[in-house]
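> generate coordinates for the sequence data below:
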Amino acid sequence: MSRMRIGMLLLAMTITLDAQPAKPRARDLGVPFDGTTGQWNAITDVAGVEVGHVTLNSGSGAKAVRTGVTAVYPRGKAGVHDRVFAAWYTLNGNGEMTGTTWVEESGHLGTPVLITNTHSVGVVRDAVIEWSLRGGAREGYSGDFSLPLVAETWDGFLNDINGFHVKKEHVFQALDSAKSGRVAEGNVGGGTGMVTHQFKGGIGTSSRVLDAKDGGYTVGVLVQSNYGRRDLLSIAGVPVGREITDLLPHDGKPADGAGSIIVVVATDAPLLPHQLKRILKRASLGIGQVGGRGENSSGDIFVAFSTANAENKKTEGIAKLEMLPNERINPLMRAVVDATEEAIVNALVAAETMEGFEGNVIHALPHDRLRDVLRKYNRLAPTTPAQ
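The predicted structure follows:
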């Protein structure tokens, strides 16, 4: 067998491009949530939003690679050069999201949002710029592509994070593979090596569709979840972390607020940047409902964008805009809270037990025991078909 052929086989074993089969989600297990979801119960229920993952999973011991890249397009690949109104917010800042200074200053987002591990932010940022240039981006349309949003959470318990395994080619693949529809969750993309409340965590997503009287707008949330103590874990108001006290990491020590969470909020409601920041802050409440406390060593960083107001991409003349009155914003705030909560639980439910760096093991949240705990507290709901 040729050396090239061997290399191609190794590459195929290492990289997964969002090929995850459909898995049970929280509602499939009977976890009750408030609100009405969209078709996919995902951030992609906001028309135009596309998501792509590249998952790197190979090796063992000190050479275990358990990481990846997740890409979110506000208006899909076809509208990658369009600007959208955007805002960012940090609950606790022990983390990184590049490009936020310009989002704060301009009120716009002009790039996809990328999520990866802490030590790969630089290579991902540079790769997004190169990818944009290859796609025809130039300073003339806004220059936003030079300041992409790249966020991180730390996966060093399971991943050889100091091996710098994410390369620019992986970023290109995540960007090129993005699509609408169902979004893979759990041990995928940037969430591959992540931990949540000392269970396996990762990528999760959910959506809410407002009632017609509230405009029928859609809110979608995607999280890269990697935070929290076990004893604080609460699902549907039930103290799951105090009921399932085993299956801890091998050292058995509580994670005192260690880790981070990135939240991406999308909506088709016509909101201006200051209004997007208002609803975005409510992601903190969704995290709090699951048991996050925004502790000292946690990087809880959020970004929101609106796909409405297509004319805000104009660089000349007058852009005609619409704005939802502040008096109509409450349902959107509630939607962000509910979708963030469900996205985190979906990440926990989709994730699978993983052995990684130096033999470290993180166990998945056991579905049968979760159902037993919900039943004990009279919170087990009728299940709904998998999306």
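> drop to CA atoms for contacts and neighbour counts, all remaining ones
Fine.
> show me the helices in the stretch 51-200 of the chain, by range?
Assigned by DSSP state H, counting those that start in this stretch, the helices in the stretch 51-200 of the chain fall at 100-106, 121-134, 168-177.
> need the residues that contact the last one.
The list of residues contacting helix 168-177 from outside it, by Cα atoms under 8 Å, 6 or more residues apart in numbering, reads 17-18, 51-54, 68-71, 123-124, 126-128, 131.
> can you turn the buried part of these into a ChimeraX selection?
Command for ChimeraX, covering only those of the contacts of helix 168-177 found buried under the criterion 16 or more other Cα atoms under 10 Å:
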select :17,18,51,52,53,54,68,69,70,71,124,126,127,128,131
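> tell me the most buried of the helices of the stretch 51-200 of the chain?
Mean neighbour count (mean count of other Cα atoms under 10 Å) peaks for helix 168-177 among the helices of the stretch 51-200 of the chain, with a mean of 20.
> send over that one as PDB, restricted to the C-alpha atoms.
The C-alpha coordinates for helix 168-177 follow below in PDB (Å, rounded to 0.1, in the frame of the first residue of the first chain):
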ATOM      1  CA  LYS A 168      -6.400  25.200   9.000                       C
ATOM      2  CA  GLU A 169      -7.600  22.400   6.700                       C
ATOM      3  CA  HIS A 170     -10.000  21.300   9.500                       C
ATOM      4  CA  VAL A 171     -11.400  24.800   9.700                       C
ATOM      5  CA  PHE A 172     -11.900  24.900   5.900                       C
ATOM      6  CA  GLN A 173     -13.700  21.500   6.100                       C
ATOM      7  CA  ALA A 174     -16.000  22.700   8.900                       C
ATOM      8  CA  LEU A 175     -16.900  25.800   7.000                       C
ATOM      9  CA  ASP A 176     -17.400  24.000   3.700                       C
ATOM     10  CA  SER A 177     -19.600  21.200   5.300                       C
END
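> re the thing from before, pLDDT check: weakest of the contacts of helix 168-177?
Looking at these by pLDDT, the weakest one is Asp18, with 61.
> any idea which residue is closest to the centre of the chain?
The structure's the chain has its C-alpha centroid closest to Val223; by Cα atoms, centre = their mean the separation is 2.7 Å.
> the helix or strand encompassing that residue pairs with which strands?
Element membership of Val223 [criterion: DSSP states H and E] is strand 218-227. Strand 218-227 has the following strand partners under DSSP bridges: strand 202-209 (antiparallel), strand 259-267 (antiparallel).
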